[in-house]
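Participant: Sequence and predicted model, in that order:
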Amino acid sequence: MNKKTAPQPSIDFFGVDTSSPLRLQFVGDISHGFPLPSDDYMDKFISLDEELVKHPDATIYGRVKGDSMKDAGLKEGDVLVIDKAIKVENGQIGIFRLDGEFLCKRLHIFPDRVELHPENKKFKVMVFNNENIPSDFLQIGRVMYVISKAL
């Protein structure tokens, strides 16, 4: 018996909790090749919530699965900050729902079609026009930031 398994989601989503902001020490601009200032000068703080989340009620996080966007710098395990209140414009990277699956792709809009581009040559461009656009195609939101582990 050949059992068909359900496809794995390409993105894990998480809600945003800004009720207790995380305040981190902030040293300001850092130049390459110069030493950091001593701890005596580290009296400024930064809140990642204030820096990364413009619309708290419409912002979600998603974790990248797979490598379809690797050439855009999105790696497996990276965390995406997605703003559902901001429309994905031509040439921008967004999250889309298609056939019940969430996808991260670059949007290209033409007069006669819409294309979702992967950023990896191993994957095909998805092309939609009035004749073949799925009924459940939905734009979820724009990828605003990528939180990536350092090298």
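Facilitator: Arrived safely. Residues are numbered from 1 along each chain as shown.

Participant: Low-confidence ranges, the chain, go.
Facilitator: Low-confidence segments of the chain, defined by pLDDT under 70, are located at 1-10, 14-16, 18, 21-43, 151.

Participant: at 80 what do you get?
Facilitator: Judged against pLDDT under 80, the low-scoring parts of the chain cover residues 1-48, 150-151.

Participant: What ranges does it have for its helices?
Facilitator: Under the criterion DSSP state H, the chain contains helices at 48-52.

Participant: show me where it has strands.
Facilitator: 11-14, 23-26, 44-47, 59-64, 79-83, 93-98, 101-110, 113-117, 126-128, 138-147 (DSSP state E).

Participant: need the contact list for the closest residue to I11 other than its chain neighbours.
Facilitator: In space, not counting the residues next to it along the chain, I11 is nearest to G62; the distance is 4.2 Å by CB to CB, 6 or more residues apart in numbering. Backbone N, C-alpha and C define where each C-beta goes, glycine included. Contact analysis of G62 by CB atoms under 8 Å, 6 or more residues apart in numbering lists 11-14, 79-80, 82, 95, 102, 104.

Participant: which of the residues you listed count as buried?
Facilitator: 11, 79-80, 82, 95, 102, 104 (16 or more other CB atoms under 10 Å).

Participant: want to throw these into TSV with distance to H117?
Facilitator: As requested, those are arranged in TSV below (distance: CB to CB, whole Å):
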residue	distance to H117
I11	17
V79	22
L80	17
I82	18
I95	14
F102	16
C104	11
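
Participant: Tell me which two in those are the farthest apart.
Facilitator: Farthest apart among these by CB to CB are V79 and F102. That separation is 14.6 Å.
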